[in-house]
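**Q** missing the sequence, but the structure's below:
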């Protein structure tokens with residue numbers, strides 16, 4: 001009886017182990033199927049989101065290119081016919097007389113940009129280096145906040161500021177006040193781009209200079225600035241491209257001139273001012289010249305942006321070689 005009972009118990013144990021194994025295998029299969037289903041659903045949802053994002057961004061890029069090429073095409077259609085030798089070499093004709101050119105405005109624009117560079121570059125470059133090398137000081141945080149605020153100030157405010165401190169005291173519009181107004185506009189952009197590119201200089205380069213006993217100012221001058229020179233030049237060119245087409249500050253400072261300028265303390269012509277003046281005039285010939293001037297101004301900005309793109313590429317290749 002005992003032997004028979006033991007046999008039945010063994011048989012019952014065998015049946016339970018078999019059922020447990022089958023149940024475990026079934027549960028594992030179900031879990032795998034559920035995980036695989038969940039994975040496929042997640043992957044399908046992510047593919048949909050990814051495709052939506054890609055197509056949305058592509059549409060935005062195409063829209064930007066469409067607007068850009070539409071503007072350029074419109075400028076070419078309206079203004080290319082007025083581009084000739086007289087347009088680049090002659091002065092504007094008297095009111096109502098057809099012909100003439102914008103030679104004084106082109107030269108005036110270049111002079112204003114040179115003055116702006118002389119004013120904005122040293123201040124912006126010094127501030128950008130300071131923000132990068134002494135970033136944790138309290139004064140650096142105040143300078144960074146001030147720079148960000150200046151980036152959002154409308155350009156006409158800079159013109160009113162220059163008019164208040166330069167035009168009113170000297171009782172005269174001048175090229176100097178216009179250049180200073182544009183230079184002040186360049187400072188915040190140069191500061192932030194300089195800070196960003198100087199920070200990209202590898203830390204081991206700084207440490208190598210300091211390790212041999214070189215003063216920090218010498219490390220900045222001989223190592224940090226040359227290593228980030230391409231990015232600094234890029235920031236300067238981008239800021240130049242921004243202020244090259246500004247009109248509002250020049251209305252309060254440079255004022256405009258139909259003749260060759262006599263000095264930096266006298267009113268001076270500029271392409272944005274001449275385009276504005278011709279565009280609001282009732283003369284059809286001046287309207288055509290306004291379109292031609294806008295086309296020339298766009299080409300100047302385009303050349304500046306090409307140069308900045310070149311320096312950006314050069315800077316990236318330099319940093320890639322260091323890595």
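**A** Here it is on my side, so go on. Keep in mind the model is a prediction, meaning the values are calculated, not measured.

**Q** isn't there a strand covering residue 213?
**A** No: using DSSP: H, G, I helix; E, B strand; the rest coil, the secondary structure at residue 213 is coil, not a strand.

**Q** for it, grab phi and psi.
**A** Note on residue 213: its backbone torsions stand at phi 90, psi 10 [degrees, to the nearest 10].

**Q** okay, now it: neighbour count?
**A** By other Cβ atoms under 10 Å, the residues close to residue 213 number 7. All C-beta atoms are positioned from the backbone trio N, CA, C, and that covers glycine.

**Q** average pLDDT for the helix or strand containing residue 122, rounded please.
**A** Following DSSP states H and E, one finds residue 122 within helix 103-133. Per-residue pLDDT over helix 103-133 has a mean of 92.

**Q** check which helices and strands that helix sits against.
**A** Applying 3 or more Cβ pairs under 8 Å, 6 or more residues apart in numbering; DSSP states H and E, one finds that helix 103-133 contacts helix 85-89, helix 138-151, helix 175-199, helix 229-243, helix 271-279, helix 284-322.

**Q** mean pLDDT, mean neighbour count and distance to residue 49 for these - can I get that in CSV?
**A** Formatted as CSV, the helices and strands packed on helix 103-133 follow (pLDDT from 0 to 100; neighbours: other Cβ atoms under 10 Å; distance: least, Cβ to Cβ, whole Å):
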stretch, mean pLDDT, mean neighbour count, distance to residue 49
helix 85-89, 88, 13, 53
helix 138-151, 89, 13, 33
helix 175-199, 92, 25, 31
helix 229-243, 86, 22, 34
helix 271-279, 90, 22, 45
helix 284-322, 79, 17, 30
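
**Q** out of those helices, nearest to residue 47?
**A** Between residue 47 and the helices and strands packed on helix 103-133, the shortest gap by Cβ to Cβ is with helix 284-322, which sits at 31.7 Å.

**Q** packing partners for the closest one?
**A** Secondary-structure packing of helix 284-322 (3+ Cβ pairs under 8 Å, 6+ apart): helix 2-79, helix 103-133, helix 229-243, helix 271-279.

**Q** between those, which one is nearest to residue 203?
**A** helix 103-133 (11.7 Å).

**Q** let me see the contact set for the residue nearest to residue 240 when sequence neighbours are not counted.
**A** Spatially, and ignoring its direct neighbours in sequence, residue 240 is nearest to residue 304 (5.6 Å; Cβ to Cβ, 6 or more residues apart in numbering). Going by Cβ atoms under 8 Å, 6 or more residues apart in numbering, residue 304 touches 237-238, 240-241, 244.

**Q** one step back: columns distance to residue 209 on top of the helices and strands packed on helix 103-133, output as a markdown table?
**A** Shown next, in a markdown table, are the helices and strands packed on helix 103-133 (distance: least, Cβ to Cβ, whole Å):
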| stretch | distance to residue 209 |
| --- | --- |
| helix 85-89 | 49 |
| helix 138-151 | 21 |
| helix 175-199 | 14 |
| helix 229-243 | 16 |
| helix 271-279 | 44 |
| helix 284-322 | 14 |
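
**Q** distance-wise, check the nearest residue to residue 81 once chain neighbours are set aside relative to residue 276.
**A** Excluding the flanking residues, the one nearest residue 81 by Cβ to Cβ, 6+ apart is residue 288, at 7.0 Å. Distance of residue 288 to residue 276, given as Cβ to Cβ, to the nearest Å: 15 Å.

**Q** ditto for residue 93
**A** Using Cβ to Cβ, we find residue 93 at a distance of 18 Å from residue 276.

**Q** of all the helices and strands packed on helix 103-133, which one is nearest residue 112?
**A** Closest to residue 112 of the helices and strands packed on helix 103-133 is helix 175-199 (Cβ to Cβ; 4.9 Å).

**Q** quick one, the closest one and helix 229-243 angle?
**A** Using axes from the mean of the first three to the mean of the last three Cα atoms, to 10 degrees, one finds that helix 175-199 and helix 229-243 are set 140 degrees apart in direction.

**Q** so for residue 206, what pLDDT did the model give?
**A** For residue 206, the pLDDT comes out at 83.
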